[in-house]
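# how does the following fold in three dimensions:
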Amino acid sequence: MSAYAYSAAEAAARPGWITRTLNWLDERGPVSWIVVMVGSFIFAGPLGLLVLGFILITGRFGKGCRRAREASRMCGPRLHFHARRGTGNAAFDAYKADTLARLEREQDDFEAFLARLREARDKAEFDQYMDERAHAAAAPATEQNAPEDDAPRGKY
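Numbering: from 1, shown residues only. Next comes the predicted model:
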């Protein structure tokens with residue numbers, strides 16, 4: 001087995017570059033799709049038609065986009081739709097729905113924790129900067145008042 005091989009579970013947890021690109025564009029909203037479409041029309045007309053067709057077929061704009069954005073903070077269809085599909089076993093489907101809801105709550109809590117952690121770090125860095133600035137402002141005033149012992153003394 002080479003160093004670059006990974007299991008199927010790792011492959012499912014790590015989306016490809018196309019999925020990451022689509023998610024990145026979806027997070028920025030419909031304006032990003034318009035920019036991509038106009039840019040593709042400018043550089044290559046047929047590519048612009050393909051992008052326009054993709055936008056229309058996947059419903060990146062319209063009611064589907066609004067519903068998806070409200071439900072999952074994404075625009076367009078979910079690319080990992082297999083996790084939401086029912087299996088036919090009601091008990092397992094209920095367990096899976098509860099687990100997914102719990103995981104989404106935990107992810108939201110963790111993201112909120114990270115935001116609080118970033119704010120605390122930023123505040124600490126700012127406070128340190130302000131303290132250093134106050135000490136630097138106070139230091140020259142005390143040095144000017146103190147006599148200098150290193151100055152050469154001579155007759156004038």
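# D93 against T99, yeah?
No. Taking C-beta atoms under 8 Å as the definition, D93 is not a contact partner of T99, at 10.7 Å. Bear in mind the C-beta positions are built from the backbone N, C-alpha and C, glycine included.
# and the two? which has more neighbours close in?
Just comparing D93 and T99: by other C-beta atoms under 10 Å the higher neighbour count belongs to D93, 13 against 10.
# could you measure the residue nearest to the more buried one when sequence neighbours are not counted against R133, distance?
Spatially, and ignoring its direct neighbours in sequence, D93 is nearest to G86 (5.2 Å; C-beta to C-beta, 6 or more residues apart in numbering). According to C-beta to C-beta, to the nearest Å, G86 and R133 sit 61 Å apart.
# could you do Q107 as well?
From Q107 to R133 the distance is 39 Å (C-beta to C-beta).
# ramachandran angles for T58?
phi -80, psi -10 (degrees, to the nearest 10).
# could you do R102 as well?
Torsion angles, degrees, to the nearest 10, at R102: phi -60, psi -40.
# what count of nearby residues applies to it?
Burial of R102 is recorded as 10 neighbouring residues (other C-beta under 10 Å).
# for K96, give me the pLDDT.
Each residue has a pLDDT score; the one for K96 is 91.
# and the host helix or strand of it, what does it pack onto?
Using DSSP states H and E, K96 falls within helix 90-145. Contacts defined by 3 or more C-beta pairs under 8 Å, 6 or more residues apart in numbering; DSSP states H and E place helix 90-145 against no helix or strand at all.
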